[in-house]
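S.K.: coordinates for the following, if possible.
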Amino acid sequence: MTPACIDDFRLLAKARLPLFLFDYIDGGSYSESTMRANVEDLQRLKLRQKVMTDVSRIDLSTTLLGRPSSLPVALAPVGLAGMYARRGEVQAARAAEAAGVPFILSASACCGMEEVAAGVTRPFAFQLYMIRDREFMKDMLARARAIGVETLVLTVDLIVHSARYRDVRSSLTGRQGIEARLKRFFQIATRPAWAFDVGLFGGPHTLGNFAPVMPEGAGLDQFTAWVARNFDPSITWKDIDWIRQHWDGRIVIKGVMDPADAVAACGAGAEAIVVSNHGGRQLDGAPSSIAALPGVVEAVAGRADVLMDGGIRSGVDVLRALGLGAKGVLLGRAWAYALAAQGGSGVAQMLELLRHEMAVAMALTGQTDVKNLSPDMLLP
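M.R.: Numbers count the residues shown, from 1 in each chain. Below you'll find the predicted structure:
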């Protein structure tokens, strides 16, 4: 099967991955209503078709996270990507570099930042969570700076870990023991290609960035409990000052949904804000990211770049977000599906599909430059 759209990559990923890993990518929190709204609310936005306009030259390039980008998209931080394909974060970073778009390495990646940096030549951004051990955070920031990271993406909406019932049912989380391990083993046994490529030869299956402070080698089965103990729920905007004391690069704040929080983020000196509900994986019942976007854009009033993630499944969706004021979007599940389906080549193909879809939609809406899109391209 040659994927023709992101939904095709999803189907291939489902056929290749053990259930506990596919559900980790595919699922959301509680009833998954916010996750569904992310997709459905985007689909409700209708583009204004325009004709008889010279669209012989279309410019899809922009600047994201302080660097030129060939498309108004970046690969969002996605945890455990090294379990979707062999050394998955390295493969995805290489695909992003080849396509000329930014890559953001997840703090909870299987491949540590040093391993990813050794596999690419272009600097990538690094996701940061506030954890209780500030000395370890200082060390992690120093490691990031030493490998050339210029931009931190501080994710602020995972102060507590929301229940994801699919993960409990598949035994990725919830009560662990011999029964859960056997359940995962039988799921793996039904996916021999993954078991050989990733399970047997894709190790180490650890969380490389957190390994120094996790017991017993940062095993995946410890991660949820470790997050509950070590991610800091007491953080406030004042903690941005602490980060600034130990980091002189750009800071992007991800997880902002409220206009007042967006104003506070600007006051804290954020160079960019990501409107995000964590892909519907945290507060179920929150609005979709696209619904929250216009209010944040208005509140920011140009003081910081505004990006968005959540529900992007096509190049048309990218234009919908840009039409409502986003400078760019972050892709999460889209590249995770593609990586699980076909490795780094799948990520490259997915980005090329998005490029084509954006170019066609730009032409048919009479637009020539993604930097000049406005709400006028959308029907009321």
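S.K.: the helices in the stretch 51-200 of the chain, which residues?
M.R.: Taking DSSP state H, counting those that start in this stretch as the test, the helices found in the stretch 51-200 of the chain are 88-99, 113-118, 134-146, 165-169, 178-189, 192-194.
S.K.: now do the buried residues in the fifth one.
M.R.: Spelled out, that is helix 178-189. Buried positions in helix 178-189, judged by neighbour count with 16 or more other C-beta atoms under 10 Å: 180, 183-184, 187-188. For every residue, glycine as well, the C-beta is placed using N, CA and C.
S.K.: and what of the second one?
M.R.: Of the residues in helix 113-118, those buried under the neighbour-count criterion (16+ other C-beta under 10 Å) are 113, 115-117.
S.K.: from the residues you listed, which is closest to residue 354?
M.R.: Distances from residue 354 to the buried residues of helix 113-118, taken as C-beta to C-beta, are shortest for residue 116 (22.2 Å).
S.K.: how close does that closest one get to residue 307?
M.R.: Separation of residue 116 from residue 307 (C-beta to C-beta, to the nearest Å): 21 Å.
S.K.: got it, and residue 253?
M.R.: Using C-beta to C-beta, one obtains 10 Å as the distance from residue 253 to residue 307.
S.K.: now for these two: what residues contact both?
M.R.: When contacts are counted by C-beta atoms under 8 Å, 6 or more residues apart in numbering, residue 253 and residue 307 are jointly contacted by 272-274.
S.K.: among the residues you listed, which lie within strands?
M.R.: When the shared contacts of residue 253 and residue 307 are checked against strands using DSSP state E, the ones located there are 272-274.
S.K.: now these: which count as buried?
M.R.: Neighbour-count burial (16+ other C-beta under 10 Å) applied to these gives 272-274.
S.K.: related to what we said a few turns ago, now the shared contacts of residue 253 and residue 307 in JSON lines, with distance to residue 95 and pLDDT?
M.R.: Formatted as JSON lines, the shared contacts of residue 253 and residue 307 follow (distance: C-beta to C-beta, whole Å; pLDDT from 0 to 100):
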{"residue": "272", "distance to residue 95": "23", "pLDDT": "98"}
{"residue": "273", "distance to residue 95": "26", "pLDDT": "98"}
{"residue": "274", "distance to residue 95": "21", "pLDDT": "98"}
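S.K.: kindly indicate which of the residues you listed lies nearest residue 172.
M.R.: Within the set of those, residue 274 lies nearest residue 172; the separation is 25.6 Å, counting by C-beta to C-beta.
S.K.: against residue 93, how distant is the spatially closest residue to the closest one that is not a sequence neighbour?
M.R.: Setting aside the residues directly before and after it, residue 274 is nearest to residue 254 in space (C-beta to C-beta, 6 or more residues apart in numbering), at 3.8 Å. Residue 254 is 18 Å from residue 93, where distance means C-beta to C-beta.
S.K.: for residue 51, same thing?
M.R.: Here the distance between residue 51 and residue 93 works out to 40 Å (C-beta to C-beta).
S.K.: more crowded one of these two?
M.R.: residue 93 (26 against 9; other C-beta atoms under 10 Å).
S.K.: this protein: strands as residue ranges?
M.R.: According to DSSP E, the strands that the chain contains are 62-64, 67-69, 73-75, 104-105, 125-128, 151-155, 250-256, 272-275, 305-309, 328-331.
S.K.: give me the most central residue, the protein.
M.R.: residue 76 (2.5 Å; C-alpha atoms, centre = their mean).
S.K.: does it touch residue 330 like I think?
M.R.: Yes: the pair formed by residue 76 and residue 330 meets the contact definition of C-beta atoms under 8 Å, at 3.6 Å.
S.K.: between those two, what contacts are shared?
M.R.: In contact with both residue 76 and residue 330: 104, 309, using C-beta under 8 Å, 6+ apart.
S.K.: which parts of the helix ranked longest in the chain are buried?
M.R.: If each helix of the chain is counted by residues according to DSSP state H, the longest one is helix 333-364. The neighbour-count criterion (16+ other C-beta under 10 Å) identifies 333-344, 346-351, 353-355, 357-359, 361-364 as the buried residues of helix 333-364.
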